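need a structure here:
(one chain, ligands or ions: 1)
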Amino acid sequence: MTTSFDFSNRTAIVTGGAKGIGRAIALRLKDVGATVHVLDIEAADLDGVQSHVCDVTDAQSIADTLQKIQSTATSIDVLVNNAGSGAGSKSVLESDPDQWRKLIDINLVSVFEVSRQVLPSMIDQDYGRIVNIASLAGKEGTPHLSAYSAAKAGVIALTKSLGKELAQTGIRVNCIAPGPIDTELFQQLDTHVRETMLAKSPMGRAGTVEELAHIVLLLASEEITLNTGAVFDASAGRAVY
Ligand SMILES: NC(=O)c1ccc[n+]([C@@H]2O[C@H](COP(=O)([O-])OP(=O)(O)OC[C@H]3O[C@@H](n4cnc5c(N)ncnc54)[C@H](O)[C@@H]3O)[C@@H](O)[C@H]2O)c1
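Presented below is the predicted three-dimensional model:
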């Protein structure tokens, strides 16, 4: 059997798609025929992709944006919860509690809120694919990234809960736990931090955004029917569970 991805007649939402991993995901989905909407605090400049300036930590901003999208789209078939940030992380003792909560908001509460608002449309049509971008940090707990790690562990658990809640429907919910991926963010890290990360990689390298986008494409496809609440490794062999 040969399988080729065909997302024509599918509408996809990618959060945080203005750059990095989300940008590659948006472009990949567009290339296979999907109508793609990017929700990002920054305007996305992507040919053939619709850009919406939206803060996914703000429930009203999400509602306003979805209303705009749903005024033209008949359905939302694919949701990729990719927006996230590890910016401003410190040791637990040095962390400012408000900043800690903000990191939980952007990395975890946003996934809950966008999913909660998109789900009624998926339930109505009894079809949907939700792909959440977690992190290896959510499995390992990275020092000086406690809020980010805790939030990403939360994304993994939220994926499992939601997957089970919707298992009797046509909606599948899965997540990916990437190790280091070669984005602008990764290149901006100190050389020794990058080298330490790469030394932990059995393949001795970071992943590429295209490699990650390909896993998303698979999980966003109609062909994914038996998997839900699953966590897909994208760590070049580093993850041990
Ligand atoms: N790069 C890596 O090594 C790596 C590893 C594991 C997991 N991840 C995860 O992958 C996802 C993408 O990471 P990336 O490396 O492409 O990061 P990035 O910083 O390049 O891109 C993140 C995007 O999210 C957007 N964003 C941030 N806050 C937002 C908000 N409140 N509302 C809407 N959009 C917002 C940013 O504007 C940006 O376009 C994140 O969830 C990240 O945690 C990345």
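
for stretch 8-27, buried residues please.
In terms of neighbour count (16 or more other CB atoms under 10 Å), stretch 8-27 has its buried residues at 10-27. Glycine gets a C-beta too; all of them are placed from N, C-alpha and C.

now stretch 101-108
Result for stretch 101-108 [16+ other CB under 10 Å]: buried residues Lys102, Leu103, Ile104, Asp105, Ile106, Asn107, Leu108.

quick one: it near the ligand?
Yes: counting by CB under 6 Å from any ligand atom, the ligand has neighbours in stretch 101-108: Ile106.

quick one: residues in contact with that stretch.
For stretch 101-108, contacts defined as CB atoms under 8 Å, 6 or more residues apart in numbering pick out 56-57, 83-86, 88-89, 147-148, 150-152, 154-155, 158.

now stretch 86-100
With contact meaning CB under 8 Å, 6+ apart, stretch 86-100 is reached by Leu103, Ala137, Pro143, His144, Leu145, Ser146, Ala147, Tyr148.

out of these, which comes closest to Val118?
Checking the contacts of stretch 86-100 against Val118 by CB to CB gives Leu103 as the nearest, at 22.8 Å.

quick check: the farthest pair among the contacts of stretch 101-108?
Distances among these were taken as CB to CB; the most separated pair is Gly88 and Leu158, at 22.8 Å.

so between the two, which is more surrounded?
Comparing Gly88 with Leu158 by other CB atoms under 10 Å, the one with more neighbours is Leu158, at 22 against 13.

and the top helix by length along the chain, how far out from the chain middle?
Using DSSP state H, we find that the single longest helix of the chain is helix 146-165. Helix 146-165 has its C-alpha centroid displaced from the chain centroid by 12 Å (CA atoms, centre = their mean, to the nearest Å).

also stretch 167-180?
Centre-to-centre, stretch 167-180 and its host chain are 10 Å apart (CA atoms, centre = their mean).
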